[in-house]
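Enquirer: just coords:
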């Protein structure tokens, strides 16, 4: 079978599962929010640092 293709013979009848839960529950939602905020702050600091660099 070619990579990336799911079939009935691979033992999984659910097909492709999403990488992230579409509607995360309480603590998982908070964790994703905190991780997203950390990534966002890192990107903003990197952009500011690139403009401030001589």
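Expert: Noted; the coordinates are in hand. Just so we're clear, the structure is a prediction, and the values are computed from it rather than from any experiment.

Enquirer: rest of the way, CA atoms for contacts and neighbours
Expert: Noted.

Enquirer: and the residue nearest the centre of the chain, how far is that from residue 29?
Expert: For the chain, residue 20 is the residue whose C-alpha lies nearest the centre (CA atoms, centre = their mean; 6.4 Å). Residue 20 is 11 Å from residue 29, where distance means CA to CA, to the nearest Å.

Enquirer: Same check on residue 18?
Expert: 16 Å.

Enquirer: higher neighbour count, those two?
Expert: Neighbour comparison, residue 18 and residue 29: the larger count goes to residue 29, with 13 against 7 (by other CA atoms under 10 Å).

Enquirer: In three-state terms, label the more buried one for me.
Expert: helix (DSSP: H, G, I helix; E, B strand; the rest coil).

Enquirer: How about residue 16?
Expert: Applying three-state DSSP: residue 16 is coil.

Enquirer: The residue nearest to the centre of the chain and residue 48: what is the separation?
Expert: Residue 20 is 30 Å from residue 48, by CA to CA.

Enquirer: next one: residue 35
Expert: For residue 35, the distance to residue 48 - CA to CA - is 20 Å.

Enquirer: same thing with residue 33?
Expert: From residue 33 to residue 48 the distance is 22 Å (CA to CA).

Enquirer: what does residue 39 give?
Expert: Distance from residue 39 to residue 48, by CA to CA: 14 Å.

Enquirer: Would you pull up how far the strand or helix carrying residue 51 lies from the middle of the chain?
Expert: Applying DSSP states H and E as the criterion places residue 51 in helix 26-52. Counting by CA atoms, centre = their mean, to the nearest Å, helix 26-52 is centred 13 Å from the centre of its parent chain.
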